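Peer 1: quick one: sequence plus predicted model below, questions after.
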Amino acid sequence: MKKKKDHQRIKCPYCGRTAVLRKASYVYKERALDEYLYVCSGYPDCDAYVGVHAGTVIPKGSLANGDLRHKRILAHRMFDSIWRNGIFSRRDAYRWMQDTFSLSDAQAHIGQFSDYRCECLIQECQKVLKNNHIRIAS
Ligand SMILES: [Zn+2]
């Protein structure tokens, strides 16, 4: 694993404590995954964490609690169905998302999204899917 200086200092947005880079098995007890997570140092009282990009110590987004993690998964599924169904290319789908929510390149990642923005994205995706007569079982 990388040296300590490579770690990013991340604060938990829920409780303000520092997040600690840990093996995913610390959280996912049942699966000893060879992955890393930034976990709130208040865990498990504060159930906030975020994964890192494979092979790096770069977080995939901001720390999220259970509700937000769930919402981000739903939002991602909706968003992916837009380009998977060929309404836009994947690249254009991201551009559409950026235009719709006035996001910079750095902000245009569902891993950075708040609860509110996840809900907005889900709604916008539903509109696009409906306009294209595509039904998604949710
Ligand atoms: Zn916390």
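Peer 2: It's in.

Peer 1: contacts, neighbours, all on C-alpha from now
Peer 2: Noted.

Peer 1: point out the residues in this structure that sit beside the ion.
Peer 2: Contact residues, the chain versus the ion (CA under 5 Å from the ion): Cys12, Cys15, Cys40, Cys46.

Peer 1: tell me where the protein has helices.
Peer 2: Secondary structure of the chain by DSSP state H: the helices cover 66-84, 90-101, 115-131.

Peer 1: any low-confidence regions in this structure?
Peer 2: 1-7, 30-33, 137-138 (pLDDT under 70).

Peer 1: from Lys127, how far off is the spatially most central residue of it?
Peer 2: In the chain, the residue lying closest to the centroid (CA atoms, centre = their mean) is Gly111, at 2.3 Å. Between Gly111 and Lys127 the distance is 22 Å, computed by CA to CA, to the nearest Å.

Peer 1: before we move on, the earlier item: OK, contacts around the residue nearest to the centre of the chain?
Peer 2: Lys60, Gly61, Ser62, Arg72 (CA atoms under 8 Å, 6 or more residues apart in numbering).

Peer 1: with Gly61 instead?
Peer 2: Neighbour list for Gly61: Val50, Gly51, His109, Ile110, Gly111, Gln112 [criterion: CA under 8 Å, 6+ apart].

Peer 1: could you check what's spatially nearest to the second one, not counting adjacent residues?
Peer 2: I take that to be Gly51. Nearest non-adjacent residue to Gly51, counting by CA to CA, 6 or more residues apart in numbering: Leu37, 4.4 Å away.

Peer 1: the one you found against Ala54, yeah?
Peer 2: No: look at Leu37 against Ala54 with CA atoms under 8 Å: they stay out of range, at 10.5 Å.

Peer 1: more neighbours, these two?
Peer 2: Per other CA atoms under 10 Å, whichever of Leu37 and Ala54 has more neighbours is Leu37, with 24 against 12.

Peer 1: how close does that one get to the ion?
Peer 2: 14 Å (CA to the ion, to the nearest Å).
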